[in-house]
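J.: below are the sequence and a predicted model for it; my questions follow.
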Amino acid sequence: MESGLSFSAADLAQTRFAVSPMWEVVTSYRVLVGRPDSVPHRRWAAQVRPRIARAGLDQGWLAALVPAQGYLADFLNPTPSGPFPTLDDELDAVRRTPAEQVRNDLGALAKEGDVDAKLRLLRDDPPAALRKVVDEIETYWELALAPYWARIQQVLEADVFHRARQVAEHGSARVLSELHETVRWDDGTLRLVRRHCLLSRDQAGSGLLLVPSVFAWPRVLTRSVHPDPPQLAYPARGFGTVWEPRSADASAAVAAVLGRSRTLLLTELDTPASTTQLAAHCGLSAAGVSQHLIALRNAGLVTAHRSGRSVLYARTAVADQLLNP
């Protein structure tokens, strides 16, 4: 099935890129529930899936709104106001979704499967239910994405900057043709060959919003909700490198400044871990690890994220640059 999005000069002028935390929420959740053996994300999924199950998020609001296949609720992906919105920005927009749009999205979901009790509550009282949806998304973010966000964000922003440079050097038509194998530019129309993803000016406003995603692979996803511009989420360049272990080439030089123990902890945090895990892997006392992590966190080299009764620590982009110059 092929759909086409026609472009006027004004539409091209309003075409832009954005990095969207909420697109990463819905695409990553779909990886967990729909592609358990997805090769590019297997390492991430193996770490995250047990946390999600323990928190009951495999059977919550996201499970109802983001099925493994087909349509997902459009209101989860509001139009970003700028190129780099924060999660709070987008959750505020989700929270303020008009009741009519919520019910329209639920109607589309109902065509593809049963409507459970949560969705009936969302239909009957959208404002109250949306607050619960947002609360669950915040929990999901902290467990599944926040510990890895520095890496994810780096790849997404690099994609935007690369394609913006390509637009300047070669024009929009070439960039639009290179987004994905199912997308092509043809005489003023962006054509998309995808059974479940449609783009049409009849269903959306002017322009086009292009959203790189680490988790969208191997497909593209779309959102067409009038009067918003249509959105196209596509696999970001280099998405497969996000989970690759990173060698600490500069560890000796960093150790001369930070000390051996703190450098060892940073190297170990190639994968987010708790104080207990770090102590066991590094041969240090839990109290010593805790003190070092406080210092590293104060220096902006690690972040902390609540996971049930424990706290996961993760390297920041600054620490990655120190260890991998």
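T.: Yep, that arrived. Note that the structure is a prediction, hence the values are computed from the model and not measured. Residues are numbered from 1 along each chain as shown.

J.: quick one: name whatever helix or strand follows the top helix by length along the chain.
T.: Ranked by number of residues, the top helix in the chain under DSSP state H is helix 149-170. Downstream of helix 149-170, the next assigned helix or strand under DSSP states H and E is helix 172-177.

J.: go through the following helix or strand past that next one and flag the buried ones.
T.: Next along the chain after helix 172-177, taking DSSP H and E as the criterion, comes strand 183-186. By neighbour count on 16 or more other C-beta atoms under 10 Å, the buried set for strand 183-186 is 183, 184, 185. C-beta coordinates here come from the backbone N, C-alpha and C atoms, glycine included.

J.: and the longest helix of the chain, how far out from the chain's middle?
T.: 15 Å (C-alpha atoms, centre = their mean, to the nearest Å).

J.: by contact count, what packs against that helix?
T.: strand 15-17, helix 172-177, strand 208-213, helix 317-323 (3 or more C-beta pairs under 8 Å, 6 or more residues apart in numbering; DSSP states H and E).

J.: mean pLDDT lowest for which of the ones you listed?
T.: Per-stretch mean pLDDT for those is lowest at helix 172-177 (a mean of 76).

J.: now that one - C-alpha only, PDB.
T.: What follows is helix 172-177 as a C-alpha-only set of coordinates in PDB (Å, rounded to 0.1, in the frame of the first residue of the first chain):
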ATOM      1  CA  SER A 172      15.500  18.900   0.800                       C
ATOM      2  CA  ALA A 173      14.600  16.400  -2.000                       C
ATOM      3  CA  ARG A 174      17.800  14.400  -1.600                       C
ATOM      4  CA  VAL A 175      17.500  14.300   2.200                       C
ATOM      5  CA  LEU A 176      13.800  13.200   2.000                       C
ATOM      6  CA  SER A 177      14.700  10.400  -0.400                       C
END
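
J.: in the stretch 201-325 of the chain, which spans are helices?
T.: 251-258, 260-268, 275-282, 286-298, 317-323 (DSSP state H, counting those that start in this stretch).

J.: check which element follows the helix or strand bottoming out on mean pLDDT in the chain along the chain.
T.: Averaged element by element with mean pLDDT, DSSP states H and E, the chain has its least confident helix or strand at strand 2-6 (a mean of 59). Toward the C-terminal end, the helix or strand that comes next after strand 2-6 (DSSP H and E) is helix 9-13.

J.: what comes into contact with that following helix?
T.: For helix 9-13, contacts defined as C-beta atoms under 8 Å, 6 or more residues apart in numbering pick out 172, 206, 207, 208.

J.: so for it, what's the average pLDDT?
T.: Mean predicted lDDT for helix 9-13 stands at 73.
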